[in-house]
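> sequence first, then the predicted structure, then my questions.
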Amino acid sequence: MRINRSHTIKCILAIIVFFLTDFTVSAFLKYGLDKGMGLNEHSQVLIVGHSHLMMGLDRQMMEKGLRCKVTKHTRAGVGIVERELMVQMFLSSQYADSLKVVVIGVDPYLFNDEGLSENSFTLFYPWMDNVHVGEYIYNATDFTTYYAHKLFRTAGFSDDLIKQSVRGWKHDDRNYKTHVFTDTEFQSNKAKWDRPIVMNSKAMKVLEEIITMCTNRNLHVILLQAPVLKSLTDLHRKDYSDILAYYQNLDADNSKVHFLNLSPSYENDNSLFFDPIHLNVCGQKKVTEDLIGFLAENNYLQ
C-alpha cells in the first residue's frame with residue numbers, strides 16, 4: 001500500500017497543533033485560577049477551606065488591610081482530606097518561603113462527609129503536575145481517566161473552573177450574594193439544612209496532621225469558624241458544644257494553634273446570612289474585618 005506522504009505530514013501537523021492548543025489554553029486557564037486564589041504569590045497568609053470561607057472572606061480586602069499578599073485556596077464541596085491536600089500544594093510550592101500564617105476553615109460539620117462532593121478530585125485536575133495532587137487523583141480514579149486528563153489538559157476544566165479562572169483574570173473575589181436568610185425559610189426547610197455533628201476520629205487525625213505539618217514549619221495555625229446561624233447549631237446543641245471543646249483543646253495544647261470562633265458574635269444576626277452557613281456580602285465584610293483585626297492585634301505577621 002502506497003503511503004501518501006503529504007497526508008501523513010498534515011496529520012502529524014494537525015496533532016501537533018491540537019496538543020499545542022490544548023496546552024496553551026489549559027495554561028491560560030490555570031494561570032487565571034492561580035491568579036484568582038493567589039497560588040502564584042509569595043504570600044504571608046494562606047487560607048484553606050470550602051464554600052464557608054469562599055463566601056466568608058474577601059481576599060483583596062485582606063491584602064489591603066494587612067498590607068501583605070494573601071492566598072485564598074477555597075473550593076465548594078471539599079472535605080478535610082482535600083484541605084490537607086490544598087495545604088500540601090502550597091507548602092510544596094516555590095511560593096511558601098514567606099508564609100507565616102495558615103488559616104484553616106473549621107465548622108461543626110468538618111468531620112461529617114455527608115453533603116460533600118464525591119468527585120472532589122475533579123476540582124484538582126489543573127494541578128495534576130503537583131506531586132501531591134497527582135497522587136491524590138491517581139488514587140481517586142481509574143487508570144484511563146487519570147492518563148486521559150494528564151494527556152488532554154483542557155478536559156480537566158469544568159464550567160465552574162473556567163468561570164473561576166475568568167474571575168481570577170479579572171481579579172474579582174467578591175461575594176455577590178445579597179439575599180437575607182429568614183427564620184421562616186429555615187423553618188420551611190429545616191430538614192434540608194439539618195446535618196449531624198460527628199466526631200470522626202479518622203477525620204480528626206487528618207486535621208491534627210495538617211496542624212503538625214504547619215507548626216513543624218514554625219507557622220501559626222488559625223482554626224477559623226466563620227459564623228453559623230444559632231438556629232442550625234441548636235438542633236444538635238450537645239454535639240456542637242463537644243466539637244467546640246475539641247477545637248479549643250487543640251488551641252490549648254499548642255502555642256502555635258489558635259481557635260477563632262466568630263459564630264457567637266453573629267449567629268443571631270440573620271441579616272448577614274445568605275443561608276444558615278453561608279454569609280452574604282454584608283457578612284463577608286464583617287468577618288473579613290474581624291480576621292484582619294485578629295491577625296494584626298496578635299502580631300502573627302511580624
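Happy to help now that I have it.
> the spatially closest residue to residue 124 that is not a sequence neighbour: neighbouring residues, count only.
Closest residue in space to residue 124, ignoring its immediate chain neighbours: residue 133 at 5.0 Å, by Cβ to Cβ, 6 or more residues apart in numbering. Bear in mind the C-beta positions are built from the backbone N, C-alpha and C, glycine included. By other Cβ atoms under 10 Å, 20 other residues sit near residue 133.
> with residue 213 instead?
Residue 213: 16 surrounding residues under other Cβ under 10 Å.
> surely it touches residue 90?
No - counting by Cβ atoms under 8 Å, residue 213 stays clear of residue 90, with 11.0 Å between them.
> quick check, the residue nearest to residue 124 in contact with residue 86.
No - applying Cβ under 8 Å as the test, residue 133 and residue 86 come out as separate, 9.3 Å apart.
> quick one: low-confidence parts of the stretch 51-200 of the chain?
In the predicted model, the stretch 51-200 of the chain carries pLDDT under 70 at residues 114-118.
> how about the contacts made by the closest residue to residue 226 other than its chain neighbours?
Using Cβ to Cβ, 6+ apart and skipping the chain neighbours, the partner closest in space to residue 226 is residue 56 (4.0 Å). Residue 56 makes contacts with 175, 226, 227, 278, 279, 283, 284, 287, 288, as judged by Cβ atoms under 8 Å, 6 or more residues apart in numbering.
> phi and psi next, for residue 56.
Dihedral pair for residue 56: phi -90, psi -10, per degrees, to the nearest 10.
> against residue 263, how distant is it?
As defined by Cβ to Cβ, to the nearest Å, residue 56 lies at a distance of 11 Å from residue 263.
> identify the contacts common to the two.
Common neighbours of residue 56 and residue 263 (Cβ under 8 Å, 6+ apart) are 226, 227.
> spatially, what comes nearest to the most centrally placed residue in the chain if we skip its sequence neighbours?
Per Cα atoms, centre = their mean, the C-alpha nearest to the average position across the chain is that of residue 74, at 2.0 Å. Residue nearest to residue 74 in three dimensions, not counting chain neighbours: residue 54, with 3.9 Å by Cβ to Cβ, 6+ apart.
> who touches the helix or strand that contains the residue nearest to residue 124?
Assessed by DSSP states H and E, residue 133 sits inside helix 131-140. Applying Cβ under 8 Å, 6+ apart, the contact partners of helix 131-140 are 85, 88, 89, 92, 121, 124, 125, 127, 128, 146, 149.
> hmm, try it at 6 Å
With contact meaning Cβ atoms under 6 Å, 6 or more residues apart in numbering, helix 131-140 is reached by 85, 88, 121, 124, 127, 128, 146.
> returning to that earlier point: what about the residue nearest to residue 124, distance to residue 154?
Taken as Cβ to Cβ, the span from residue 133 to residue 154 is 17 Å.
> now residue 16
Look at residue 16 and residue 154: by Cβ to Cβ, they are 16 Å apart.
> looking at these two, which is more packed in?
residue 154 (18 against 10).
> got a list of what that one touches?
22, 25, 26.
> quick one: residues contacting the last one.
For residue 26, the set of contacting residues under the criterion of Cβ under 6 Å, 6+ apart consists of 153, 154.
> can you get me a residue count around residue 8?
Residues near residue 8, counting by other Cβ under 10 Å, number 10.
> scratch that, residue 171 is what I was asking about
Count around residue 171 with other Cβ under 10 Å applied: 10.
> what's the answer for the one 4 residues further on, then?
By the criterion of other Cβ under 10 Å, residue 175 has 20 neighbours.
> looking at it, it is touching residue 286, isn't it?
No - contact criterion Cβ atoms under 6 Å: residue 175 and residue 286 do not qualify, at 11.6 Å.
> hmm, back to that, mind picking the two most distant members of the contacts of helix 131-140?
Spatial extent of the contacts of helix 131-140 (Cβ to Cβ) is set by the pair 88 and 146 at 18.6 Å.
> now residue 82: closest residue in space that isn't a chain neighbour?
Closest residue in space to residue 82, ignoring its immediate chain neighbours: residue 120 at 5.2 Å, by Cβ to Cβ, 6+ apart.
> who are the neighbours in contact with the one you found?
Contacts for residue 120 (Cβ under 6 Å, 6+ apart) come out as 77, 78, 82.
> against residue 111, how distant is it?
16 Å.
> any stretches of the stretch 201-302 of the chain with poor pLDDT?
Confidence mapping of the stretch 201-302 of the chain against pLDDT under 70 gives zero matching residues.
> gap between stretch 196-216 and the chain center?
16 Å (Cα atoms, centre = their mean, to the nearest Å).
> in CSV, list the C-alpha atoms belonging to that stretch.
Extracted C-alpha coordinates of stretch 196-216, given in CSV (Å, rounded to 0.1, in the frame of the first residue of the first chain):
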residue,chain,number,x,y,z
PRO,A,196,-25.5,15.6,62.2
ILE,A,197,-22.4,16.8,64.0
VAL,A,198,-20.0,13.9,64.4
MET,A,199,-16.6,13.3,66.0
ASN,A,200,-14.9,11.1,63.4
SER,A,201,-11.5,10.0,64.8
LYS,A,202,-10.1,9.3,61.4
ALA,A,203,-11.0,12.7,60.1
MET,A,204,-9.9,14.4,63.3
LYS,A,205,-6.5,12.8,62.8
VAL,A,206,-6.2,14.4,59.4
LEU,A,207,-6.8,17.9,60.9
GLU,A,208,-4.1,17.1,63.5
GLU,A,209,-1.8,16.1,60.7
ILE,A,210,-2.4,19.4,59.0
ILE,A,211,-1.6,21.3,62.2
THR,A,212,1.6,19.3,62.7
MET,A,213,2.7,19.9,59.1
CYS,A,214,2.3,23.6,59.6
THR,A,215,3.7,24.0,63.1
ASN,A,216,6.7,21.9,62.2
